[in-house]
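Participant: Just a sequence and a predicted model for now, questions to come.
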Amino acid sequence: MGRLEQLRDPSSWRRAVVLVRRFRQEPGTANLRRFDPLVTAVLSERAALHGLGDEALSERAESTAKADLADDGDLAGLLAVASEVARRRLGLEPFEVQLLAAVSMLRGRVVDMETGEGKTLVGFLVAAGLAVTGRRVHVLSANDYLAGRDARAGAPLFAAFGLSCAAVVDGMDHAERRAAYRSDVVYATVHQVGFDLLRDRQRSADGQRLVPDLDAAVIDEIDAVLLDDAMVPLVIAGDGDPRPEEASLAEVVAAMTAGVQYEVDGERRNVSFNEAGIRSLEEHFGVDDLYAKDHVELLTAAHVALHAHALVDRDVHYIVADGQVRLINDARGRVADRQRWPDGLHAAIERKEGLEVSAQAEVLDQMLVETVARGYRAITGMSGTALEASERLAEDLNLRTGTVPTNRPCVRVDEPDRLYLTAERRDAAAADRVHAAHAAGQPVLIGTASVADSERFAGLLSGRGVDAVVLNAKNDAAEAEIIARAGEHGAVTVSTQMAGRGVDIRLVSRAAEAGGLLVLGLGRYDSARLDHQLRGRAGRQGDPGRSVFYTSLDDDVVIEHLVIGYDPRSVDPDGRVRDKRFRQIYGHAQRVAEGKLLQLHRTTRRYHTATDQHRRLLLDTRERLLADPAALDGYLAHVWPAGSGEPHKWTRPDRRRLAVEVVLYHLDRAWTRHLNLLAEVREGIHLRVLGRQDPLEEFNLIATDDFRALAAKAVAATRHTLDAASENATTLADLGLRRPSSTWTYMVADNPFGSEADRFFEFIGQALRGGSPPAISYT
């Protein structure tokens, strides 16, 4: 029996899951066994290449340029050559299961591969396979570090096929970025690509374009990119006008006391001024009625400052490093580069921390991460948790997912969760378990939910005589070194989320003899996929290992989504809950959290559908003005009445360039005003429910009506500018127009205290419950 057949032994639980899913005909799954004959053909052809000299192999690599990936023979030949090149130039010979993954991805499937199974090498094979056939390939990595690392590591393989390779990362100037995007294979994050697309939309000359048309994407950690980050808005902003009244708000609010000037609810999800707090604000600013129409902006800014003061916590939602507020990505446990909170909250946090306040921003354009991904003509990808996301990937992007078996059977022992009444008792029991494992020489990796939790638990271990290394957003630059030592004998590592780290934990021999890596999770995440990412750090490539989650009824996943109206019947003296119903309730809470996230994604997508359509129409006009000289003639014909001689003044060779810049300027300004209007509308659109209106339908009507008016406003503004222009004008400045003196890009994070709609519907729900929750209710 061949290696693939052995690895697909039906006794494997992973294989059993796939079989059950197929039997139930769950959407989004795919049977990858159909590609077994192709893998066998690759292995056969690869064996014949071992005896070839380097020059002869290079000739074979050059001949693959005519390969047809839809032809089984061509695909097998291409992967055989790529596999042999990898062995010689990279020192890596792909396993059979890696070849199965590469074949599947080149045939358009998404692949589920366990952590530590060599996804990086699979990415090299797939990127090379696509690029040699003439596709422009973007390999989308989890972070800049991995993009740069993998571009350097894969370059020798790509060079053997005559392919160029580059990475696009922070710190590169316009010329460097433009040159990198012209490579055959480009490594970058989806955020870098999105930001550069936004920059392209602001350009005033066709030669300034950074990103060629999007073609083929190979996405590492595909579920993280297309699900966890899908609804994150990427923003390009310009300098805006500061609001002086906001500067003193931080001091006023910081002097207030909970229960005296403001009230915080029991779950610390909502905060509001009471009458004493409103009086304090009115006295400070010298106004009679803060709720008057003239003071709406001041009242809004005061509420933002209060939320920053009372609800947003340092080392949980953000850290302060190098004099800056740095947000933490919950899904990855890392600093979220160039990420900001909206609606003045970011500036409020900076004032709270006594930092220099970032420049006021005016949003010029934005797009969702998902919109970037949908711009590619072809998408494939891989992840250690893609199978759990298969239904979503099929629903959102029509991608089918299959599971690749491990190269060696997984012998990791996954223990059932240990549930405790309180987080304090959970932590005490978990610390005892870590102490015992450490004493036996077993390496331990502890997964925590936040920076504060990681440091607190490390302190708890220190009190028991266990020195732990902490990996969190404060020191994630050292993660490669920390993770490299996490598999040593007796090592203890406390980390925030491990998804997207891209570095495997390798065991030393003594650590393997002590039982292998013990992965211990403190509480579960909102998504079971993130739990699986953490669990998958143990048992790499057939290594021994164990995993267990210590949970409590105080965990965020429970208290933020359920209200439990009764107590467990069976509890041990140490606080461990034996009642099976409560273990089921905990799992139910996680499913509720996942369901909320899914609904949020669907709702967000629906709200952006009309905007995306409008943006495409505007961009079409913009691109034609930049690339087609006749487009300006047609546009100016609508600016003045028929028969007017004015258009001819601006289509002369010496004036055409300035006319194009004026038209683009007013189109861009109109679009910026359109986005700002929609942002304001969304803040209150949920109140339409009270009038028995559909908020989404009303939003789309407003968006469509304003977009229809946008074109007329841009035309009118263009005519006004050109009519007033002097013959000597050669630049926008000569016409009194000014683009932002500086622009910057960032991602908009969700407000940690939720949206206005969240708070509104929570209030309605509490009112309907009358303050008396049933046995289990939902928050």
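Facilitator: That came through, no problem.
Participant: What separation do you get for residue 327 and residue 346?
Facilitator: Separation of residue 327 from residue 346 (CB to CB, to the nearest Å): 8 Å. Where C-beta positions appear, they are placed from N, C-alpha and C, glycine not excepted.
Participant: Quickly list what's touching both of these two.
Facilitator: Taking CB atoms under 8 Å, 6 or more residues apart in numbering as the contact rule, residue 327 and residue 346 both touch residue 340.
Participant: All the helices of the stretch 301-450 of the chain, residue numbers only.
Facilitator: For the stretch 301-450 of the chain, the helices defined by DSSP state H, counting those that start in this stretch occupy 345-352, 369-374, 390-397, 423-439.
Participant: Could you verify that residue 236 is part of a helix?
Facilitator: No: for residue 236, which was evaluated using DSSP: H, G, I helix; E, B strand; the rest coil, the result is strand, with no helix membership.
Participant: Would you quantify the distance from it to residue 195?
Facilitator: Remark: distance between residue 236 and residue 195 (CB to CB) = 7 Å.
Participant: any common contacting residues for these two?
Facilitator: Common contact partners of residue 236 and residue 195 (CB under 8 Å, 6+ apart): residue 745.
Participant: okay, those two: which has more neighbours?
Facilitator: Set residue 236 next to residue 195 and count neighbours by other CB atoms under 10 Å: residue 195 wins out with 27 against 23.
Participant: Walk me through the domains of this protein.
Facilitator: 3-237+370-403, 242-358, 413-578, 595-748 (automatic domain parsing).
Participant: burial of residue 616, as a residue count?
Facilitator: Neighbour count of residue 616, defined by other CB under 10 Å: 9.
Participant: I meant to write residue 33 there.
Facilitator: Residue 33 has 14 neighbours, counted by other CB under 10 Å.
Participant: Export the helices of the stretch 301-450 of the chain to CSV and append columns for mean pLDDT and mean neighbour count.
Facilitator: Rendered in CSV, the data for the helices of the stretch 301-450 of the chain read as follows (pLDDT from 0 to 100; neighbours: other CB atoms under 10 Å):
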stretch, mean pLDDT, mean neighbour count
helix 345-352, 81, 22
helix 369-374, 92, 22
helix 390-397, 89, 19
helix 423-439, 97, 18
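Participant: right, so of the ones you listed, which gets closest to residue 556?
Facilitator: Proximity to residue 556 (CB to CB) singles out helix 423-439 among the helices of the stretch 301-450 of the chain, at 9.6 Å.
Participant: now that closest one: how far from the chain's centre is it?
Facilitator: 32 Å (CA atoms, centre = their mean, to the nearest Å).
Participant: now stretch 633-643
Facilitator: A distance of 44 Å separates the centroid of the chain from that of stretch 633-643, by CA atoms, centre = their mean.
Participant: what mean pLDDT does stretch 708-719 have?
Facilitator: Averaging pLDDT along stretch 708-719 yields 95.
Participant: returning to that earlier point: turn the helices of the stretch 301-450 of the chain into JSON lines, columns for distance to residue 313.
Facilitator: As requested, the helices of the stretch 301-450 of the chain are exported to JSON lines (distance: least, CB to CB, whole Å):
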{"stretch": "helix 345-352", "distance to residue 313": "10"}
{"stretch": "helix 369-374", "distance to residue 313": "26"}
{"stretch": "helix 390-397", "distance to residue 313": "31"}
{"stretch": "helix 423-439", "distance to residue 313": "16"}
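Participant: Show me the longest helix that occurs in this protein.
Facilitator: Longest helix of the chain, by residue count under DSSP state H: helix 580-627.
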